[in-house]
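>>> structure for the following, please:
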Amino acid sequence: MRSYSSISTRDFMWNNLTGTIPKEIGHITSLRLLLLNGNKLSGSLPDELGNLTNMNRLQLDENQLSGSVLESLANMINVRHLHMNNNSFTGQLPSKLSNLSNLMHLLLDNNNLSGYLPPEFSKLHSLEILQLDNNNFSGNEIPSTYENLPRLVILSLRNCSLQGAIPDLNSIPSLKYLDLSWNQFTGSIPSNNLSTNMTTVDLSHNKLNGSIPRGGIYPYLQRLKRKTGIIAAIIIGAVAAVLAITAITMLLIFRRNSKYMHLISRKRTSSNVCIKIDGVKAFTLKELTHATNKFDISTKVGEGGYGNVYKGILSDETFVAVKRAGENSLQGQKEFLTEIELLSRLHHRNLVSLLGYCSEEGEQIHILLFLV
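Predicted structure coming up:
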């Protein structure tokens, strides 16, 4: 592997690779992306992985890897994504991982980890997702220092044999998803530790007692309910205006392009229909599957009436937002491709650039530049 010392990406995901990860891979110090997820790799991690100080994304999930989580991974000072879930890693989580100041996603769920949750993880100020479900931190608590994780969006500690009281998480303003189910937490349900940004809270299957609190997020929901009529009126008016403008613009495009567009079926099909637009790429579904790790929940950054939005990274290391239409939002191929053409012509400082689309295998996906 020494002859490939200048390579930045190695993508072997979703194959049937077996054996161990060779220690020689640590010689490729220029590596920024190492994608080995979805294989049948086994054995312990080579300590030489810590030599990859330029690493941005390390994906080892969905394998049969075992042994401990290496302390040497703390040398990957530029890493943003550590995906090591769905393996058989054991032992204590290294507190030295708290040195990874750029780390955004730490996924170690579905392993056999034990010991305690390192309080030092509170130093991970860039962390957005901490996912440690289905491990065995028996007899230990959630460190109170975790309330100092300012960018945390997802905290998932389901079925980890944790106990004690649920800590105050009110100081995490960006927290939206909290899953502490199937543990052994005791005491009352906290009355003031739910952010108003919270969308999902699962505290089921614990040993909590007392009454449902009236404080915290509940007064906020009541205020929101009172304002619903006003908000709905504003939204309806805005949507009506946008739809009117869009309808007029799309009508003009329909007329001008009718000679070409009549060849495209209005029904959802499994074929990949393409149009040629300067600066807009027709992506394959395979490319987007790789970019989003098979549309994994860890890459999901939003959802709405249209569908889900995922954060992905292309083979050229460009970060993209992948907007995938849901079943109820699908339209005819003709309308979808006309919409793509329309969006490609819109240029405004407040609009995100359209990079491409995918209409393959019945999907309708927009690919946009991801704004960090």
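>>> tell me which element the closest residue to Ile275 other than its chain neighbours falls in.
Ranked by Cβ to Cβ, 6 or more residues apart in numbering and with sequence neighbours excluded, the top spatial neighbour of Ile275 is Leu337, at 5.2 Å. In this view, the C-beta of every residue, glycine as well, is placed from N, C-alpha and C. Taking DSSP states H and E as the criterion, Leu337 maps to helix 333-345.
>>> which elements pack onto that helix?
Under the contact definition 3 or more Cβ pairs under 8 Å, 6 or more residues apart in numbering; DSSP states H and E, helix 333-345 sits against helix 228-261, strand 354-358.
>>> what residues sit buried inside the shortest one?
Within strand 354-358, the residues scored as buried using 16 or more other Cβ atoms under 10 Å are Leu354, Leu355, Gly356, Tyr357, Cys358.
>>> for stretch 305-320, measure first residue to last.
Across stretch 305-320, the terminal residues are separated by 20 Å (Cα to Cα, to the nearest Å).
>>> stretch 74-93 too?
11 Å.
>>> nearest residue to Pro119 other than its sequence neighbours?
The nearest residue in space to Pro119 (Cβ to Cβ, 6+ apart) is Pro143, at 3.9 Å.
>>> quick one, phi psi at Asn328?
The phi/psi pair for Asn328 (degrees, to the nearest 10) reads phi -80, psi 0.
>>> identify each buried residue in the helix holding Leu337, please.
Here helix 333-345 shows Gln333, Lys334, Glu335, Phe336, Leu337, Thr338, Glu339, Ile340, Glu341, Leu343, Ser344 as buried, counting by 16+ other Cβ under 10 Å.
>>> now swap in stretch 294-308 and tell me
Using 16+ other Cβ under 10 Å as the test for burial, stretch 294-308 gives Asp296, Ser298, Thr299, Lys300, Gly307, Asn308.
>>> could I get the contacting residues of the most centrally placed residue in the chain?
Central residue of the chain (Cα atoms, centre = their mean): Thr299, 1.8 Å from the mean position. Thr299 sits next to Thr292, Asn293, Tyr310, Lys311, Gly312 when contact means Cβ atoms under 8 Å, 6 or more residues apart in numbering.
>>> ok, back up a step: for the buried residues of stretch 294-308, work out which two are farthest apart.
Maximum pairwise distance in the buried residues of stretch 294-308, criterion Cβ to Cβ, is 17.5 Å, between Ser298 and Gly307.
>>> quick revisit: what angle sits between the helix holding Leu337 and strand 354-358?
Helix 333-345 runs at 170 degrees relative to strand 354-358, counting by axes from the mean of the first three to the mean of the last three Cα atoms, to 10 degrees.
>>> if we can go back for a sec, next one, pLDDT for the residue nearest to Pro119 please.
In this prediction, Pro143 carries a pLDDT score of 95.
>>> thinking again about what came up before, can you tell me how far the residue nearest to Ile275 sits from Gln331?
10 Å (Cβ to Cβ, to the nearest Å).
>>> now swap in Gly91 and tell me
51 Å.
>>> pLDDT value on Lys267, please?
For Lys267, pLDDT reads 37.
>>> same deal with Ser188?
pLDDT at Ser188 comes out at 86.
>>> and it, how many neighbours?
13 (other Cβ atoms under 10 Å).
>>> residues contacting the nearest residue to it once chain neighbours are set aside?
Spatial nearest neighbour of Ser188, chain neighbours left out: Gly210 (3.4 Å); criterion: Cβ to Cβ, 6+ apart. By Cβ under 8 Å, 6+ apart, Gly210 lies in contact with Gly187, Ser188, Ile189.
>>> OK, contacts around the first one?
Applying Cβ under 8 Å, 6+ apart, we find Gly187 in contact with Ala165, Ile166, Leu208, Asn209, Gly210.
>>> sitting in helices, which of the residues you listed do you find?
Per DSSP state H, helices hold no members of those.
>>> can I get those in JSON lines with distance to Pro119 and pLDDT?
Output for the contacts of Gly187, formatted as JSON lines (distance: Cβ to Cβ, whole Å; pLDDT from 0 to 100):
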{"residue": "Ala165", "distance to Pro119": "16", "pLDDT": "92"}
{"residue": "Ile166", "distance to Pro119": "16", "pLDDT": "90"}
{"residue": "Leu208", "distance to Pro119": "23", "pLDDT": "92"}
{"residue": "Asn209", "distance to Pro119": "27", "pLDDT": "91"}
{"residue": "Gly210", "distance to Pro119": "27", "pLDDT": "84"}
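>>> cool, thanks, talk later.
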